[in-house]
Structures are given as structure tokens and as C-alpha cells.
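Peer 1: no letters, just coordinates:
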């Protein structure tokens with residue numbers, strides 16, 4: 001359910017960003033001949049959510065979405081250059097030093113995802129999380145949820161954390177997903 005909710009919010013965020021940041025022209029294989037296509041007035045509404053409120057920061061560097069489920073639960077997502085780490089992000093989950101949050105999604109009672117960017121080497125970031133989680137009392141699991149060479153899962157108390165490190169040399173992305181264990 002958590003990943004489905006986050007996919008829905010991510011779809012809404014991506015659609016809204018595309019709508020706010022893209023022009024109405026699309027280039028063809030011949031850059032001298034642009035092809036005009038109409039742009040819908042509003043992005044399509046993701047299924048399963050009653051209300052979506054989008055808000056762009058005044059400086060245009062981040063967008064925030066709040067969605068309400070049919071059951072009345074509010075889900076929040078932020079994406080952009082100046083995203084803040086949500087207050088609900090657990091204190092015992094490490095944050096790679098010098099990394100900057102670029103996206104976050106919060107689903108109350110279901111979990112939180114924060115994606116960071118870093119200029120450091122992917123392996124160094126992965127090694128940091130592997131050792132820091134163990135030092136913080138997390139137990140590493142042998143089978144990570146994601147099939148990536150640089151991913152790991154750990155559990156502590158009634159929570160599970162998944163860390164996935166991707167990107168290119170000098171431009172790494174770190175996704176940290178914290179969910180309750182049922």
C-alpha cells in the first residue's frame with residue numbers, strides 16, 4: 001500500500017512539474033521544425049485520491065503536494081531544489097553528511113521516503129549507511145527489497161529501513177525509505 005500511495009503521489013508531482021515547467025512545443029528529429037502540441041490545462045488526477053493540493057514555493061525551487069485519501073488520510077510530497085527533511089523522519093536513521101534532500105513523501109502510519117543528492121562516490125555512501133545503521137542498533141537483512149548492487153534493508157523495533165544508492169560518479173542519489181513492520 002505504501003509504495004502504491006507513493007507512486008500515486010509521485011505521478012501527481014511529476015505531472016504537475018511537467019505542466020508547470022514544460023512549454024507547448026516539442027522538437028522533432030529536425031530541430032528547425034518544432035511540432036506544436038496542446039498541453040492539458042490540468043494534470044490528470046491520480047486514482048484513489050479525493051483531493052490534491054499543489055503549491056509551488058514563491059521562488060519556484062520546490063513544489064509541495066498534499067493529497068487526501070477516500071478514508072481522510074493526508075499524504076504529502078515535496079520535490080525540488082529546496083526540499084526540507086520532514087519532521088517525521090526518524091532521528092535514528094542516519095543522513096549521509098553533506099547530502100541535500102531533493103524529494104520527500106510522507107504517508108502517515110505507512111512510511112516516509114526521502115531522496116538525497118550527493119557529490120560523493122556511491123560506494124562510500126553505501127558503506128556509510130551499512131556501518132552507521134549497524135552502529136545505531138539496526139539489524140541488516142540479507143535480502144534487500146530492491147535488486148540493486150547498492151541497496152540494503154535493516155530492521156529495528158517495529159520499523160524497516162531500505163537504502164538505495166544510485167546515480168553517476170559525483171552525482172549520487174540516496175533514497176531512504178522507512179516503513180512500519182506489520
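Peer 2: Perfect, I can see it now. Since we're looking at a predicted model, the values are computed, not measured. Numbering: from 1, shown residues only.
Peer 1: now the end-to-end length of stretch 63-77.
Peer 2: One end of stretch 63-77 to the other measures 8 Å (C-alpha to C-alpha, to the nearest Å).
Peer 1: low-confidence stretches in the chain?
Peer 2: Scanning the chain with the threshold set as pLDDT under 70 gives 1-55, 57-58, 144-147.
Peer 1: repeat that with 50
Peer 2: Along the chain, the parts satisfying pLDDT under 50 run over 1-31, 33-46.
Peer 1: in this structure, which spans are helices?
Peer 2: Assigned by DSSP state H, the chain shows helices spanning 2-21, 122-135.
Peer 1: can you list contacts of the last one?
Peer 2: Residues lying outside helix 122-135 but in contact with it, judged by C-beta atoms under 8 Å, 6 or more residues apart in numbering, are 93-94, 96-97, 99, 118, 140, 150, 152, 154, 161, 163, 165-167, 169, 172, 174. Heads up, the C-betas are built off the backbone N, CA and C, glycines and all.
Peer 1: which of these are buried?
Peer 2: Buried members of the contacts of helix 122-135, scored by 16 or more other C-beta atoms under 10 Å, are 93-94, 96, 99, 118, 150, 152, 154, 161, 163, 165-166, 172, 174.
Peer 1: stretch 114-134: which residues count as buried?
Peer 2: Under the neighbour-count criterion of 16+ other C-beta under 10 Å, stretch 114-134 has 114-118, 120, 122, 125-126, 128-130, 132-133 buried.
Peer 1: need the residues you listed in CSV (columns: distance to residue 75).
Peer 2: Shown next, in CSV, are the buried residues of stretch 114-134 (distance: C-beta to C-beta, whole Å):
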residue, distance to residue 75
114, 14
115, 16
116, 20
117, 23
118, 26
120, 31
122, 30
125, 28
126, 29
128, 29
129, 26
130, 30
132, 28
133, 26
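Peer 1: residue 88: which of those residues is nearest?
Peer 2: Nearest to residue 88 out of those is residue 114 (C-beta to C-beta; 10.1 Å).
Peer 1: pretty sure that closest one contacts residue 99?
Peer 2: No: assessed by C-beta atoms under 8 Å, residue 114 is found out of contact with residue 99, at 9.7 Å.
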